[in-house]
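Asks: dropping the sequence and predicted coords here.
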Amino acid sequence: MLFALVSSTGCSGGDAGAVPRTPDRAVTSSESPEAPETVSADQVGPVSLLAEPGSRWSPVRAPDGSVVYADSEDLSLKRLFPDGEVRELLPAGSAAGFLHMSPGGRYVGFAAPIELPPGSTQVGLYGAAIMDLESGEVVAARTREGAFTHPHGWYRDGWGHDKLVVSEWDARQAGDAMDLHALAPDGGFAQVARGLPLAHTPPQFSPDDHKWMHYEDGVGNTVLVYVESGWFHTIPGLRSPAWTEAGLTGEVDGQQVRVPLSALMGDRTHEED
C-alpha cells in the first residue's frame, strides 16, 4: 500500500517485468522497492550493495554486520555476510521489500506477497511478516483478504516487548483511511488506532523510545500518532516533519517551527477506547 496510494496505471522506474505493481493504485515513496537503492557500505555495514543497483531492496543491517534484503530478481529474502557469502533465508516470491530490523537485531519485519503466481514478481496485495534471524523461521504473519498490510517499523511497549507497527488499508473500500496495528513476534496482533488518514510519506518513529510516529497525509498536513495508546492528531499545515534534538519540528508557511507534544496530548478527540 505504501505510502501515497494514488490513482495510477503503474509505477515508474526499473524494468516493468521485474517491478511489483498494485492494480489501480501506485506506490509512491522513497522507501518503495520500485526505486533503485543506493546504499553505501557505511550505512549498512562492511559490505557493498552497489554492484547491481535496484536488485537489492530495503537493506537492513544485522548486529553481526551482515545485511538482510529482498532480491528484486525473484522476491526472495537474502542475507549478505561481510565475507561476501550470500545466504537465501526465504525462497522466491516471499519478500516484497519494506524491511525493518527490530531494535535488538533479532527480528526483521517485511512485506510478504499474497497469492503471487509462480515465477512472477508482479506484486499486487501483500501482508506483513516477521522472521527470527536466530532460528531462521517466520514466526508471525498477518494477511487480510483484499487488503494491504504494510510494515512501518518497530516500537517497544511498556513491558519492553518489541512489536512491528503495520497499517492495513482495504483495497476494496472507497475511502482513504487506514488502521494501525501491532504485530508481535509471538503472533499477537492488536489494533492500535483506526480511521487514520493514509500515509503519503514513510512514517518516522521518535529516535529514543519509538513510541511516537509521524507522517504527511498528502494534503499539506502532518499526522502524529502516539503508538503506545493509539492517540493521534492531525496538525494542519505542517510540512516536512522531522525528529531533531529539539523534538518534533516542521515547516508552516515556510517557517521552521517546533511542535509541543505535551500540548497536543491535551486534544484526545481521536484517542481509541
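Replies: Ah, there it is. Predicted, not measured: the structure shown is a model, and the values here were computed from it. Numbers count the residues shown, from 1 in each chain.
Asks: so V166 makes contact with I130?
Replies: No. Look at V166 against I130 with CB atoms under 8 Å: they stay out of range, at 10.0 Å. Quick note: C-beta positions are derived from backbone N, CA and C, even for glycine.
Asks: anything in contact with each of the two?
Replies: Taking CB atoms under 8 Å, 6 or more residues apart in numbering as the criterion, V166 and I130 both touch 109, 183.
Asks: now the helices for the stretch 1-150 of the chain?
Replies: Here the stretch 1-150 of the chain has its helices, by DSSP state H, counting those that start in this stretch, at 41-44.
Asks: pLDDT weak spots in it?
Replies: For the stretch 1-150 of the chain, residues meeting the criterion pLDDT under 70 lie at 1-54, 116-124.
Asks: how about the strands in it?
Replies: 6-7, 25-26, 56-61, 67-71, 76-80, 86-90, 100-101, 107-113, 126-132, 137-142, 147-156 (DSSP state E, counting those that start in this stretch).
Asks: again, but for the stretch 151-273 of the chain
Replies: With DSSP E, counting those that start in this stretch as the criterion, the stretch 151-273 of the chain has strands spanning 162-170, 177-183, 189-197, 204-205, 212-216, 222-226, 231-235, 239-244, 247-252, 255-259.
Asks: turn these into a markdown table, including mean pLDDT.
Replies: Below are the strands of the stretch 151-273 of the chain laid out as a markdown table (pLDDT from 0 to 100):
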| stretch | mean pLDDT |
| --- | --- |
| strand 162-170 | 93 |
| strand 177-183 | 94 |
| strand 189-197 | 93 |
| strand 204-205 | 93 |
| strand 212-216 | 94 |
| strand 222-226 | 94 |
| strand 231-235 | 92 |
| strand 239-244 | 92 |
| strand 247-252 | 92 |
| strand 255-259 | 92 |
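Asks: ok, D209 - how many residues close by?
Replies: By the criterion of other CB atoms under 10 Å, D209 has 11 neighbours.
Asks: thought it was touching R156?
Replies: Yes. The criterion here is CB under 8 Å, and D209 meets it with R156 at 7.1 Å.
Asks: mutual contacts of these two, please.
Replies: Contacts common to D209 and R156, judged by CB under 8 Å, 6+ apart, are absent.
Asks: ok, R239 touching V219?
Replies: No. Here R239 lies out of contact with V219, judged by CB under 8 Å, at a distance of 10.6 Å.
Asks: between those two, which is the more surrounded one?
Replies: When R239 and V219 are compared for neighbours, R239 comes out ahead with 15 against 10, by other CB under 10 Å.
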